[in-house]
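Participant: model this:
(4 chains)
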Amino acid sequence: MKMFSRGLVSTALIAGVLVVHTSAVAGTIRIGATMRMISENGQKYGQMVADEFDLINKNGGINGNTIELSLLNDECKSDKGVANANKFIHEQKVHLIIGSTCSSVSLPIVDVTAQARVPQIIPHSTNAKITQKGSAWVFRVPVSGRYYAGVNAKYTGENIGTKIAYICAADAASQNDCDAMQDQMRRQFNAEPAYVAQVQEKEVDFRTHMLKIKSANVDGIMIAALAETMSRALLQSYEAGIGKSVRRIGSSSASNAPVPKIAGDAVLGVFYTAAYAAADKRPIAQLFNQMVRDKYGIHAPDHDFSQAYDLVRIVEIALHRANLNLSDGSLAADRTAIRDAIASVDGYRGLASGPISFCAAPTPQCRDGNKTPVLIHYTKGGEEFETEVLARVPMPINFGLE
Amino acid sequence: MEALLGFLIFGVTIGVVYGIVALGISLIYTGLDIVHFAHGEIYMFGAFLGLVFAHQYNVPYWLAILCAMIVTGLLGIVIERVFYRRLTRAGGGYTVAGMGMIICGFGMSVVLQNIAFLIWGADAEPFPVNFGMPYQIGEIFLPKSYVATAVAALVLMGGLHVFLKKTKIGLAVRAVAQNKDIAFLMGINVPLMISLIFGVACAIAAAAGVLIGPMQSVQVEMGYLMLMKAFAAAVVGGFGSLPGAILGGLLVGIFENLGAAYISGSHKDIYAFLLLILVLMFRPQGLFGVEAKVKA
Amino acid sequence: MLEVRDLQTGYGRIKILDGVNVSVAGGSIVTVLGGNGTGKSTLLKALSGLIPVWDGEILFDGESIANLRPDRIVNRGLIQVTQGKEAYPAMTVEENLMVGAFTRSDKQGIRRDLDKVYDYFPALQERRRQLSGTLSGGEVQMLVIGRGLMANPRMLMLDEPSAALAPQVVLNIFANVYRISQSGVTILLVEQNVRMALLLAGYGYIIRDGRVLIEGPAEELSGDESVKLSYLGGTVASREQMSS
Amino acid sequence: MNLVVTLQGVGGFFGRMERTHPLLPWLLAIVALLPLPLILSGLFNDYYVYLANRICIFIMLSVGLNIVKGFCGQVTVGHVGLYAIGAVTAAILSTNFGFSFWMTLPAAIFIAGLAGVVVGVPSFRLEGAYLALATLGLGESVRIMISVTPYLGSSTGLGGIPAPSAFGFTFDNFTRYYYLVMPIALVGIYLSFAILRSATGRAFQAIREDTIAAAAAGINVRKYKLLAFVISAMYAGCAGAMFAHMRPGYIHHNNFTIIEMVTLLLMIVLGGIGHVWGGVIGAIIVTIIYDQTKDFYFYQPLLFGSSMVLLVIFMPQGIGGLIDRYIVTQRFIDARREAGDGTS
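Facilitator: Numbers count the residues shown, from 1 in each chain, chains lettered A, B, ... in the order given. All right, here's what the predicted structure looks like:
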């Protein structure tokens, strides 16, 4: 039993050495962001978010208060994301949580923030369930996956055909895109999928699937996967001998820069829906493209950049509006005030493909900010890729809801 | 029928790559009596080095393979000398102490992956190599990169065979692999040979990495899945058998592609594990009946 | 030629040899005798550098070779021939022999020595392309001696060449060991087979419990019946073997 | 040196307690650990209570892994697969069939135990690295199965797993959940001790030291190897259920990857393989260090990986080994001092 007591005391010792983190300082708005940082773009979004908040501080802050951002990596793993959220909420006592970038991490964090009554705003997780949970504390800047599916299905069924093969990677966003698309094809055109393959999140070899798809004589292939996985699948679809006449449909991650970079010419003609097109002709979009190119060395920002940027702006607006006390005792009240302020954002027009509006009810209608997907296709592959906007489709507010 | 031929081609092209990596794993096993759990990361390093040579220094593809092999081989020698040597010197065997080697391998794999991330970042890098138009056999397209992979695998295999059977150093390597004490008594510098074995195994893995680059692009996380498949290949072929490793690779490649084609595509990655486990359970010495060292 | 002074060594923390003194003159045949577990093999391992020397000295040609790496010791011409079961079973006979010549680079000399080995042991020449795993026990013993010779040794240390072999075969091998010795190679013979070893050798040591118990010229030792009976484990068996 | 004196005083106290009744010190420990959430949230904040919960789950995992690895000497790297099986079992039973925690916990333990049989059978024929490969393959197959099967959560994960409740009391926040997982973890540690001290534990150790000698001594090697795997699998299953029911009640297949396995390995290596308290010490230290180094996320794998490599090379016995050595030395000094006192 000696051992036991020793164990106990050493535990206490270790706990005693721990650094006690910042307690509340008046005049500071604390924001915690959890993202997948172990990826090149993730790192850069994170950097951009941090830079933008710095800029706000340099320009005098918000109503005299400064913003303190703390950025943590969740590796796109739900348990790490939940741990980060808890750290933000209980240790750093943040007023607002930004994150996560992965649907499978955002999903559980929604429950955490709902229980702890902390506002959460999501930069780019598209899984429809996130806002369908009915939490009053969650806001989503990006377009929900169900809108993407509606637009993709309509375009596919009317212009390409209804015999579609699906390759769905095992991450929450892609899975959702895949399922929703099949659902929409059924609903709009009464079309069953011609072939469905479930693959690993980081699958590298798709050629067997492609050969089977080839022999199924399909009109189009939907590839729902994260950027690297998708680009491999695109390349290998040509290796398997599927010609250009079969159109490739991407999930929203097709907008990420690695897709044209890795897939090269295999990306030509691939179309997808996203929340932002670098080919956007508006001056604000051109300015943004220039800024990202100069500051972060990215040829053209994908919609994840634009959504992160819009998110910062929306947070800025909301914080300006919120009546914050920022004292130790007012944490709960401040969190509620920020939530209500974000909910009051109406008709924000930034980089996003359509106006972003929130409202108070804890429903997807109120909490999915952007409802305007934009249909894009690639006209040039490689690092210096080019895209073209095919259509901008405002969706009816109740679209795809049961 | 043509579809079957297509599946077989895919199985063979990926299978030879599994086989090459398995060759290295087998070689290390014979030479050092350890199963190297960080070999996937060595393979990844090789792929990245190949990319660096091909795109930053603009050397031709075949030369990039060679350069990557040399640099990765040296890297392997350093790792073996600095870290593994202390463990293997303490004696092989897989008692509680021998468990250290496995854990050390896992730790090393995490370290190497993190270092590669810090150097090259997390994003996948394309490895475009222009091989020209694919061959066409009936309805089947056969990209030249596949042919190049198969040829390179054969060259490596043949080269290794000649090295081991026809050269004096190769003879010494085999002697060390079979019995270190006697090799020592014959005046062979055993520590040097062990380093050499490790270096050669790492160089071979690098070649596999560069070969697969054009097919699958290059990414920090690419090593793990390859390692699992290569383990399966090495076990199926009989651990410690060099021709067995290549045959095992082909078998795993074909098995998983046919499984994906005719059983269920979604479970493609499980087939290799299934094969690995079945072989381990019922024929631990491998399918091809070659003499393998089964450690107790 | 070889001087061992107060040699202490062992495995891990267990001391096996506790101050052994052995001396071998150039050109002679010296035998070290002892039963199982008396430390004979440990002595050889320490001499060829496979295990560390704790204390004491090993002088070869007047130079200390204690705690040198085995391949360095081999380079000086001191070669250990291991027991017969330790050939490389997955290599051919000739490959086995070539492993022995690893330290050498004179192709002509190697060729000449190969012929010499085949001359000593014609059976090996017949089977030069066979895997050594297919050889009989006696042939493997010949092979490992031949392998030792391929290193062009100045002194050869033999570890129980008679172990588990038929008397006729043992006779053949010992005859060849004698021929090797005549060609100018110093021999240190470690044996359990007392009678044969003492017939061949000029001087003998008997070790027990990690120390030299008795030493002397071979004729004296072989005359000393009490030595065999009291101190050599397994002598009865070997005497029976002899008489059969 | 005051610390040492205190340690010995407390140790002696517990020793006396144990002589009174073997379970007494454990009950006392539960009582002593009861106010921990209050202390932690008072000294620091609620986040540390959350960490305490995580630590309890990791303790279950690493103590279980230590039984098969440390006590019995079998190299397994498929432990996260069993953990996943426990978690998924609990999640499906509670969300799809409405079972309560008190039903899902034994079910998870049972199903994981069954899976432990499957993982254990290869150990009859395989040793060392071969066994590591087989268990790695099995563990990874479990994860892939989960990731491609919609019913098992697939990529969306399984969410909405309810918080356990008993007598109208719901364990729905960290402080409350702590009072559920802390006793379970202590029971886990106690059972691990009990197993080690029992005839079964001695059989495990005999197999670890020398399988052939153990068989020669009449130990049914297969039976005990299998038993070790099954017991460790049950620990993993229990940890899985504890993890699944913890707020926010969400599991995803990427919680069970090889990286988690490496973290587990680091825990038992750091704590000391085969050392009774090894898993506990490792789980506590690794969880806390992981948390404290969160800001350096780019270098965390480097830190963990290199500490694994260096530990294996320079401190293979881990912290547990150091403590053991300290205790042995201390007892030796005590004995000598007592002997000295006796003569003077």
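
Participant: how many neighbours does C:G12 have?
Facilitator: By other Cβ atoms under 10 Å in any protein chain shown, 5 other residues sit near C:G12. Where you see a C-beta, it was placed from the backbone N, CA and C, and this is true even at glycine.

Participant: for the stretch 251-400 of chain A, what spans make up the strands?
Facilitator: For the stretch 251-400 of chain A, the strands defined by DSSP state E, counting those that start in this stretch occupy A:271-274, A:374-380, A:386-392.

Participant: and these, which is most packed in?
Facilitator: strand A:271-274 (a mean of 28; mean count of other Cβ atoms under 10 Å in any protein chain shown).

Participant: for that strand, what does the pLDDT average out to?
Facilitator: Here strand A:271-274 scores 92 as its mean pLDDT.

Participant: and that strand, what does it pack onto?
Facilitator: helix A:145-159, strand A:247-250, strand A:374-380 (3 or more Cβ pairs under 8 Å, 6 or more residues apart in numbering or on different chains; DSSP states H and E).

Participant: so which of the ones you listed is the most packed in?
Facilitator: Counting by mean count of other Cβ under 10 Å, the most buried of the helices and strands packed on strand A:271-274 turns out to be strand A:247-250, with a mean of 26.

Participant: can you tell me which residues contact D:E260?
Facilitator: D:80, D:83 (Cβ atoms under 8 Å, 6 or more residues apart in numbering or on different chains).

Participant: could you chop chain C up by domain?
Facilitator: Chain C resolves into domains spanning C:1-77+C:153-166+C:182-244, C:84-152 when parsed by automatic domain parsing.

Participant: do the longest one and chain B meet?
Facilitator: It stands for domain C:1-77+C:153-166+C:182-244. Yes - Domain C:1-77+C:153-166+C:182-244 lies within reach of chain B by Cβ under 8 Å from any Cβ of the partner chain, at C:48-50, C:69-71, C:74-75.

Participant: how about the helix or strand in which D:A214 is found: buried residues?
Facilitator: Assignment of secondary structure by DSSP states H and E places D:A214 within helix D:211-216. Neighbour-count burial for helix D:211-216 flags D:211, D:214 (criterion: 16 or more other Cβ atoms under 10 Å in any protein chain shown).

Participant: show me what that helix is packed up against.
Facilitator: Short answer (3+ Cβ pairs under 8 Å, 6+ apart): helix D:211-216 packs on helix D:199-209, helix D:221-245.

Participant: tell me which of these lies nearest to D:P316.
Facilitator: helix D:199-209 (14.6 Å; Cβ to Cβ).

Participant: then the closest one to PDB, C-alphas only?
Facilitator: In PDB, the C-alpha atoms belonging to helix D:199-209 read as follows (Å, rounded to 0.1, in the frame of the first residue of the first chain):
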ATOM      1  CA  ALA D 199      -2.400 -17.400  -8.800                       C
ATOM      2  CA  THR D 200      -3.500 -16.100 -12.200                       C
ATOM      3  CA  GLY D 201      -1.100 -13.200 -12.000                       C
ATOM      4  CA  ARG D 202       1.800 -15.500 -11.100                       C
ATOM      5  CA  ALA D 203       0.900 -17.700 -14.100                       C
ATOM      6  CA  PHE D 204       1.000 -14.500 -16.300                       C
ATOM      7  CA  GLN D 205       4.400 -13.600 -15.000                       C
ATOM      8  CA  ALA D 206       5.700 -17.100 -15.400                       C
ATOM      9  CA  ILE D 207       4.600 -16.900 -19.100                       C
ATOM     10  CA  ARG D 208       6.300 -13.500 -19.500                       C
ATOM     11  CA  GLU D 209       9.600 -14.700 -18.000                       C
END
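
Participant: what about it, near chain B?
Facilitator: Yes - Helix D:199-209 lies within reach of chain B by Cβ under 8 Å from any Cβ, at D:208-209.

Participant: what residue is smack in the middle of the chain?
Facilitator: All of this is about chain A. A:H124 (1.3 Å; Cα atoms, centre = their mean).

Participant: that was the other one, I meant chain C.
Facilitator: Short answer for chain C (Cα atoms, centre = their mean): C:L158, at 0.9 Å.

Participant: tell me the gap between the helix or strand containing that residue and the middle of its chain.
Facilitator: Using DSSP H and E, C:L158 falls within strand C:155-159. The chain centroid and the centroid of strand C:155-159 are separated by 3 Å, computed with Cα atoms, centre = their mean, to the nearest Å.

Participant: if you count contacts, what does it end up packed against?
Facilitator: Using 3+ Cβ pairs under 8 Å, 6+ apart: strand C:155-159 touches helix C:40-47, strand C:78-81, helix C:137-150, strand C:186-191.

Participant: make it 10 Å
Facilitator: Counting contacts by 3 or more Cβ pairs under 10 Å, 6 or more residues apart in numbering or on different chains; DSSP states H and E, strand C:155-159 packs against strand C:29-33, helix C:40-47, strand C:78-81, helix C:137-150, helix C:167-182, strand C:186-191.

Participant: out of those, which one sits most buried?
Facilitator: Mean neighbour counts for those (mean count of other Cβ under 10 Å) peak at strand C:78-81, with a mean of 28.

Participant: the host helix or strand of D:G282 vs helix D:221-245, what angle?
Facilitator: Per DSSP H and E, D:G282 falls inside helix D:278-292. Computed by axes from the mean of the first three to the mean of the last three Cα atoms, to 10 degrees, the angle separating helix D:278-292 from helix D:221-245 equals 30 degrees.
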